[in-house]
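> Quick one, fold the following:
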Amino acid sequence: MLDLLPPVTGRVFPVGRLDADTSGLLILTNDGDFAKTLTHPSHEITKTYVATVNKDISDGHIKQLRTKSDKADRLDPRTVQISIHTGKNREVRKMLAFVGLDAVELKRVSIGKLELGNLKSGEYICQNTPPIF
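Residues are numbered from 1 along each chain as shown. Below is the predicted model:
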């Protein structure tokens, strides 16, 4: 992944992770304190995902998802947006499976106030000052 970036001075590392089947926003930094702020659960930085699932999402699914997440909203019959502040391994996929849904596609669209926006896979933005969370 780091080989896709222009040459940088010093060590740059990813903040958090995305599993192999998830796309979307990934932050790279050289600031350990910033990385800890984003990833440590005590800071409660919200991560938001959009999932396309294998069948129509019922009101019951949404109600159950809301008990396991910070927020869950149906965007269309087979797409749900889920926000969490923890970051356990495959957590959103496990939530969906718990309520009987399988993620066909999963994308992280924001971390705190930083949003993926219209960036496409492989595109990036360099920013020297981290956004305030």
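
> what's the spacing between residue 78 and residue 7?
According to Cβ to Cβ, to the nearest Å, residue 78 and residue 7 sit 42 Å apart. Using the backbone N, CA and C atoms, a C-beta is placed for each residue, glycine as well.

> and the residue nearest the centre of the chain, what does it touch?
Closest residue to the average C-alpha location of the chain: residue 108 at 3.1 Å, with Cα atoms, centre = their mean. Residue 108 is in contact with 18, 22, 23, 24, 25, 26, 47, 48, 49, 116, counting by Cβ atoms under 8 Å, 6 or more residues apart in numbering.

> what's the closest non-adjacent residue to the last one?
Counting by Cβ to Cβ, 6 or more residues apart in numbering, residue 116 lies nearest to residue 25, which is 4.3 Å off, once chain neighbours are set aside.

> What of the third one?
With Cβ to Cβ, 6+ apart as the measure, residue 107 is the residue that lies nearest to residue 23, at 4.9 Å, once sequence neighbours are left out.
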